[in-house]
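Undergrad: Provided below are the primary sequence and the corresponding predicted coordinates.
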Amino acid sequence: MNAGLRIEELSHAFGTHPVLSNVLLDSRPGEITGLVGPNGSGKTTLLRTCYRALRPDSGHLWLGTDDADTLSRRAVAQRLGVSVQEPAPTLGLTVRESVGLGRTPHRPWLGAETPQDVELIDAALADTGLSSLADRDVTHLSGGERQRVSLARALCTRAPILLLDEPSNHLDLQHQIAVMDLLRSRADDGTTVLLTLHDLRLAAEACDQLVVLHAGRVAAHGEPTQVLTTELLAEVFGIRGRLVIDDDGPRLVVSGRAP
Ligand SMILES: Nc1ncnc2c1ncn2[C@@H]1O[C@H](COP(=O)(O)OP(=O)(O)OP(=O)(O)O)[C@@H](O)[C@H]1O
């Protein structure tokens with residue numbers, strides 16, 4: 001089942017501090033949508049409202065054709081594969097067991113792992129280069145390995161929507177490329193991929209659509225070539241840069257801080 005994710009007029013404040021204001025976002029099946037913005041602009045908070053870790057003050061979330069407010073927690077969990085920023089290690093679990101937690105919403109209550117669960121977990125371990133670490137204690141992993149465990153947990157769900165907070169965090173260049181290739185192949189299969197990225201160069205190269213958050217508001221949205229203008233880079237990100245388009249696609253060239 002393919003399903004997009006749509007956010008309408010979503011607003012949220014922490015106490016008296018407004019963090020998200022009238023956010024509108026469409027993430028479509030078959031596309032990688034990158035949520036970008038400076039530190040503190042509200043990216044993680046917005047993603048948390050999407051996987052219902054946070055109830056926004058107002059606004060709507062649509063998962064496919066369903067208003068998320070009408071769905072049970074389990075039904076929401078079945079539609080989403082989630083990877084959080086700086087995942088805490090799941091104490092006492094092996095890498096395999098930790099990845100396998102992603103299958104929980106897809107099994108009956110207290111049900112045992114099915115052959116399909118095993119197959120999907122093995123595939124996610126292989127896709128993220130973790131097969132050889134499967135029996136290791138997750139607390140003994142490096143930051144990059146832990147990041148890949150979190151991603152594998154989201155991937156093994158085979159959910160129609162992936163929500164990934166900084167999936168390239170802690171990853172070396174080779175693993176960044178591998179992860180973006182993996183997400184591209186999931187998108188090609190019809191999955192909706194919504195992710196946050198700090199690395200604007202990666203966002204420009206790897207995303208189909210960008211949504212730029214600035215102080216909790218959508219400052220721009222569209223294809224990277226439309227969105228990442230010299231003016232926006234200066235005003236929102238405080239950098240002097242330009243997007244160069246050559247045979248390899250769009251490439252962001254940054255020459256310093258904006259004056
Ligand atoms: N639980 C919370 N209680 C109070 N304020 C919060 C809470 N979570 C986030 N904030 C504040 O909301 C704002 C947005 O935070 P958020 O983590 O969503 O930003 P971000 O764009 O993901 O930032 P970064 O790029 O640094 O990861 C920040 O000012 C942050 O301090």
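TA: In hand now; what should we look at?

Undergrad: could you use CA atoms for every contact and neighbour count after this?
TA: Will do.

Undergrad: so Asp122 sits in a helix?
TA: Yes: applying DSSP: H, G, I helix; E, B strand; the rest coil, one finds Asp122 inside a helix.

Undergrad: for it, which non-adjacent residue is closest in space?
TA: Sequence neighbours aside, Ser131 is the residue nearest to Asp122 in space, at 7.4 Å (criterion: C-alpha to C-alpha, 6 or more residues apart in numbering).

Undergrad: the one you found and Gly37, how far apart?
TA: Between Ser131 and Gly37 the computed distance is 34 Å (C-alpha to C-alpha, to the nearest Å).

Undergrad: so which of those two has more stuff around it?
TA: Gly37 (26 against 16; other C-alpha atoms under 10 Å).

Undergrad: got the contact list for the nearest residue to the more buried one once chain neighbours are set aside?
TA: With sequence-adjacent residues excluded and distances taken as C-alpha to C-alpha, 6+ apart, Gly37 is closest to Leu213, at 4.8 Å. For Leu213, the contact set (C-alpha atoms under 8 Å, 6 or more residues apart in numbering) comprises 35-38, 41-43, 219-220.

Undergrad: now swap in Leu233 and tell me
TA: 239-242.

Undergrad: kindly report the same for Leu24.
TA: If you count contacts by C-alpha under 8 Å, 6+ apart, then Leu24 has 6-10, 218 around it.

Undergrad: make sure I have this right: it is in a strand.
TA: Yes: assigned with three-state DSSP, Leu24 falls within a strand.

Undergrad: around the ligand, pick out the residues from the stretch 1-150 of the chain.
TA: Residues of the stretch 1-150 of the chain that fall close to the ligand, judged by C-alpha under 6 Å from any ligand atom: 14, 19, 38-45.
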